[in-house]
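>>> Just to be clear, the model below is a prediction. Sequence and coordinates:
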Protein chains: 2
Amino acid sequence: MAFLKVVALEKALEVIDSFPLKPAVEDVPLEESLGRVLAGNVLSPVDVPPFDRATVDGYALRAEDTFMASESEPVKLKVIDEVNAGDTPDFELNPGESVYISTGAPLPKGADAVIQFEDVEREGNEVILSKPAYPGLGVMKAGTDIPKGELLLRGGTRLGFKETALLSAVGFSEVPVFRKPRVAVISTGSELVLPGEELKPGRIYDINGRAITDAIREIGGEALFLGIARDDRESLKALIERGVECCDIVVLSGGASGGIRDLTSSIIKELGEVKVHGIAIQPGKPTIIGLINGKPVFGLPGYPTSCLTNFTLLVAPLLRRLLGRESETRNVRKKLTHKVFSVKGRRQFLPVRIEGAKAVPILKGSGAVTSFIDADGFIEIPENVEILEAGEEVEVTFFG
Amino acid sequence: MAFLKVVALEKALEVIDSFPLKPAVEDVPLEESLGRVLAGNVLSPVDVPPFDRATVDGYALRAEDTFMASESEPVKLKVIDEVNAGDTPDFELNPGESVYISTGAPLPKGADAVIQFEDVEREGNEVILSKPAYPGLGVMKAGTDIPKGELLLRGGTRLGFKETALLSAVGFSEVPVFRKPRVAVISTGSELVLPGEELKPGRIYDINGRAITDAIREIGGEALFLGIARDDRESLKALIERGVECCDIVVLSGGASGGIRDLTSSIIKELGEVKVHGIAIQPGKPTIIGLINGKPVFGLPGYPTSCLTNFTLLVAPLLRRLLGRESETRNVRKKLTHKVFSVKGRRQFLPVRIEGAKAVPILKGSGAVTSFIDADGFIEIPENVEILEAGEEVEVTFFG
């Protein structure tokens, strides 16, 4: 498939879907798994707790010994030992016997209840009960919290601190997660300089390199910013080759001029194949999608808002798919605050800011940096729509 | 201030507030600032764009030269040069002259409009206009996007990719952010083993160490898990001393037994001062707050849900204050799905799961791991309340 004319967005997404990239899995140490996405269902390999466990500090006993206990005729049990958390009692309780036990300690054989020490009296090596204990009192049975074999977490779960704690609770020291896709990011344009460099006349600071690099990181990918390619074939080609070598995906953001777009497209053609050149959306006409050595190369528009919109529409879904996060909701329904206009036959994506239940259109024009800073995402105005009225319900897609 | 009896939660929070910890500021490279919190307001040091800039590919000209242009009497201008993005034109346009200019390039002196190439005809070294251009057409004036001196971002802003991109746009290569507080995390209890270790009889896997370490990281702090202290004075003391040495804050989670609590308190007393021993909340009675060499030491309860609840109530707010994130909302109002009971005179925090607009109480008991896994946060049942009815509005505080 190669489209050298402007194609529909759906066609471009089909092209991306057809690329030979698959989610990959790696095992990471549990202590480095925070924020990663589980690559498969996790079943508990153990019972939690792994043994019948005292839930209070008190006396472990045989409940049947206490059934007749009352205020008037208390029952006396011999205290034969002490069991603390971490101990492994290797004896068995005989009728009439009890042990002092601390919270979390395993019950000795024969014991089936723990009465807390506040509810009894101790006299020498005897404990005195004036009410009965029932079997199971003060005890958490093995496996009642998490039975062995239970489904703990589903594949696709993002691991927050509750999830890593749960994995710790059942003893996993390593976790299978989706590998982070590595993305090379390149800014193009002779007018660009990096922050910290001198701003000579005619130059501006790069924006897209930072925006795309950090957006990829927020999604969960690994981003390598390779720097700025000026409008010169050799430097741009060298950076694209480096990107294809070190990474799974290459994302370029276009310089402002049309010249560099042609350069990008000609270099991709030389090294691989241009699959899409131009998408029938506004903004997005200049977007290029290519494939070099089986690795997708995206050439996004230069204006920051256009760049970020196309990144959100094209690159972010691919990253989420590789990270097992494609089911995450990235849209909300809001009511438009102002009437907006489009041109018939143009499929437009318009930046909006969310304020409570409302979506406020940002109409600064895509050349303004501040339009994407002020916006939370964008709405789509379909080809056959010329006007969206104030108050109309719209679907907002978050940037990133 | 030292409270050796159970104190109100508010008193405990006052004690924590009185500790000699202040938010600290550090400069980090912009490319490492994602997710950090700005330590002060940021004003733009430059105009964006820094010069009058073409917003289309076309011809820069003096608008007044074209005012008389019409279909019947087109105006012809001489094309004297070409200006590309990144160039610095050092000439001035004279009346009757124009230059070819590409998007993003600076306008030469004298030019005040750019007409896009699709709207004109080119003949040799002349460009032919059949309609007038007005001053400002096709031009973004210097500073119209972001004027120099404008407030860009307020202190306390968490830097997402939009914010780092904005800082890049105005040329910051370093950013002042709040330093991450360093927190030492210690698990205590002879029954505990770490995931990956052999689960001998009577032992259970540590949960709180992982939960607290990763909760601190999610909040934005730096957490160092120092390991497990068994119920032996020397090993616990050594870990607490190491924690105080390497970190700003030490957080212990208690073993299940009461013995280790007394040990913790006695070691804090030896090395510093116990400020709070027991808080009048359920769960939270066993919580210890101390100060060693000016560094707060928290001893949290051992049951995972109790531990996480007390972490959320006591430690997390301190971390957020040090990170400049204290204003972030951590509560939502929801409707309770089931009637819940408490004991008069007991101020209780009950785990709940959020389902849409509803809060579902989790009534498994604090000993269960699964109660905090199933819960999103907790609600408070005040001392003077014995029953919360189904349908009642409650405030849910998120864990962490």
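Great, that's in hand. None of these values were measured; they are calculated from a predicted model.

>>> CA atoms for contacts and neighbours, from now on please.
Fine.

>>> for the stretch 251-400 of chain A, what are the low-confidence residue spans?
Counting by pLDDT under 70, the stretch 251-400 of chain A contains low-confidence ranges at A:255-258, A:366.

>>> Where do the helices of it begin and end?
Ranges of helices in the stretch 251-400 of chain A, per DSSP state H, counting those that start in this stretch, are A:258-271, A:304-310, A:316-322, A:369-374.

>>> mind saving the C-alpha coords of the first one as PDB?
Right, helix A:258-271. Extracted as PDB, the C-alpha positions of helix A:258-271 are listed here (Å, rounded to 0.1, in the frame of the first residue of the first chain):
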ATOM      1  CA  GLY A 258       7.500  23.200   2.600                       C
ATOM      2  CA  GLY A 259      11.000  22.500   1.500                       C
ATOM      3  CA  ILE A 260      11.900  20.300   4.400                       C
ATOM      4  CA  ARG A 261       8.800  18.300   3.800                       C
ATOM      5  CA  ASP A 262       9.900  17.300   0.300                       C
ATOM      6  CA  LEU A 263      13.300  16.500   1.700                       C
ATOM      7  CA  THR A 264      11.900  14.200   4.400                       C
ATOM      8  CA  SER A 265       9.700  12.500   1.900                       C
ATOM      9  CA  SER A 266      12.600  12.000  -0.600                       C
ATOM     10  CA  ILE A 267      14.900  10.600   2.100                       C
ATOM     11  CA  ILE A 268      12.200   8.100   3.300                       C
ATOM     12  CA  LYS A 269      11.700   7.100  -0.300                       C
ATOM     13  CA  GLU A 270      15.500   6.500  -0.700                       C
ATOM     14  CA  LEU A 271      15.800   4.500   2.500                       C
END
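
>>> What residues sit buried inside that helix?
A:258, A:259, A:260, A:261, A:263, A:264, A:265, A:266, A:267, A:268, A:271 (16 or more other Cα atoms under 10 Å in any protein chain shown).

>>> Mind putting the residues you listed into CSV with distance to chain B?
Converted to CSV, the buried residues of helix A:258-271 look like this (distance: Cα to the nearest Cα, whole Å):
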residue, distance to chain B
A:258, 8
A:259, 9
A:260, 10
A:261, 12
A:263, 15
A:264, 16
A:265, 18
A:266, 19
A:267, 20
A:268, 22
A:271, 26
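
>>> Determine which two of the residues you listed are furthest apart.
Pairwise distances across the buried residues of helix A:258-271 (Cα to Cα) peak at 20.4 Å, for the pair A:258 and A:271.

>>> how does chain A divide into domains?
A:9-24+A:180-322, A:29-48+A:151-178, A:53-140, A:331-398 (automatic domain parsing).

>>> From residue A:248, how far off is the closest residue to residue A:233 other than its chain neighbours?
Residue nearest to residue A:233 in three dimensions, not counting chain neighbours: residue A:263, with 6.5 Å by Cα to Cα, 6 or more residues apart in numbering or on different chains. For residue A:263, the distance to residue A:248 equals 22 Å [Cα to Cα, to the nearest Å].

>>> Verify the contact between residue A:107 and residue A:54 for me.
Yes. Here residue A:107 lies in contact with residue A:54, judged by Cα atoms under 8 Å, at a distance of 6.6 Å.

>>> Show me the common contact partners of those two, please.
A:60, A:101 (Cα atoms under 8 Å, 6 or more residues apart in numbering or on different chains).

>>> pretty sure residue A:114 is in a strand, no?
Yes. Assessed with DSSP: H, G, I helix; E, B strand; the rest coil, residue A:114 lies in a strand.

>>> Without its sequence neighbours, what residue ends up closest to it?
residue A:60 (4.3 Å).

>>> ok, now which ones touch the one you found?
A:54, A:98, A:99, A:100, A:101, A:107, A:108, A:111, A:112, A:113, A:114, A:115.

>>> Adding pLDDT, write these out as TSV.
What follows is those, written out as TSV (pLDDT from 0 to 100):
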residue	pLDDT
A:54	93
A:98	97
A:99	97
A:100	96
A:101	94
A:107	96
A:108	96
A:111	96
A:112	96
A:113	97
A:114	97
A:115	96
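
>>> tally of neighbours for the residue of the stretch 1-150 of chain A found nearest chain B?
Nearest to chain B in the stretch 1-150 of chain A, going by Cα to the nearest Cα, is residue A:86, at a distance of 3.5 Å. Other residues lying near residue A:86 total 23 when counted by other Cα atoms under 10 Å in any protein chain shown.

>>> Please apply the same query to residue A:218.
16.

>>> Over to residue A:107?
So residue A:107, with other Cα under 10 Å, has 31 neighbours.

>>> Let me see the contact set for it.
So residue A:107 contacts A:51, A:52, A:53, A:54, A:60, A:89, A:101 (Cα under 8 Å, 6+ apart).

>>> Would you enumerate the residues in contact with residue A:373?
Contacts of residue A:373 by Cα under 8 Å, 6+ apart are B:162, B:163, B:166.

>>> Please apply the same query to residue A:192.
Counting by Cα under 8 Å, 6+ apart, residue A:192 has contacts A:203, A:204, A:205, A:206, A:228, A:230, B:86.

>>> Helix or strand: which one has residue A:94?
Using DSSP states H and E, residue A:94 sits in no helix or strand.

>>> re the thing from before, reformat the domains of chain A as a markdown table; add distance to residue B:152.
A markdown table is the format used below for these (distance: least, Cα to Cα, whole Å):
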| stretch | distance to residue B:152 |
| --- | --- |
| domain A:9-24+A:180-322 | 15 |
| domain A:29-48+A:151-178 | 29 |
| domain A:53-140 | 54 |
| domain A:331-398 | 10 |
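
>>> Which of these sits closest to residue B:223?
Evaluated over the domains of chain A, closeness to residue B:223 peaks at domain A:29-48+A:151-178, with 10.8 Å, by Cα to Cα.

>>> Kindly provide the distance from residue A:200 to chain B.
Using Cα to the nearest Cα, to the nearest Å, we find residue A:200 at a distance of 9 Å from chain B.

>>> Can you list the residue ranges for strands in the stretch 301-400 of chain A?
A:331-336, A:340-341, A:348-355, A:358-361, A:377-381, A:387-388, A:393-398 (DSSP state E, counting those that start in this stretch).

>>> okay, now the residue of the stretch 101-250 of chain A found nearest chain B: neighbour count?
Proximity to chain B, evaluated over the stretch 101-250 of chain A using Cα to the nearest Cα, is greatest for residue A:191 at 3.5 Å. Neighbour count of residue A:191, defined by other Cα under 10 Å: 27.

>>> on that earlier part again, output the strands of the stretch 301-400 of chain A as a markdown table; include the columns mean neighbour count and distance to chain B.
Output for the strands of the stretch 301-400 of chain A, formatted as a markdown table (neighbours: other Cα atoms under 10 Å in any protein chain shown; distance: least, Cα to the nearest Cα, whole Å):
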| stretch | mean neighbour count | distance to chain B |
| --- | --- | --- |
| strand A:331-336 | 18 | 15 |
| strand A:340-341 | 14 | 21 |
| strand A:348-355 | 22 | 13 |
| strand A:358-361 | 23 | 17 |
| strand A:377-381 | 23 | 11 |
| strand A:387-388 | 15 | 25 |
| strand A:393-398 | 20 | 12 |
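
>>> For those, give me JSON lines that also has distance to residue B:217.
Output for the strands of the stretch 301-400 of chain A, formatted as JSON lines (distance: least, Cα to Cα, whole Å):
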{"stretch": "strand A:331-336", "distance to residue B:217": "27"}
{"stretch": "strand A:340-341", "distance to residue B:217": "43"}
{"stretch": "strand A:348-355", "distance to residue B:217": "28"}
{"stretch": "strand A:358-361", "distance to residue B:217": "33"}
{"stretch": "strand A:377-381", "distance to residue B:217": "28"}
{"stretch": "strand A:387-388", "distance to residue B:217": "44"}
{"stretch": "strand A:393-398", "distance to residue B:217": "25"}
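
>>> Figure out which of the helices of the stretch 251-400 of chain A is closest to residue B:144.
Among the helices of the stretch 251-400 of chain A, helix A:369-374 comes nearest to residue B:144, with 10.0 Å by Cα to Cα.
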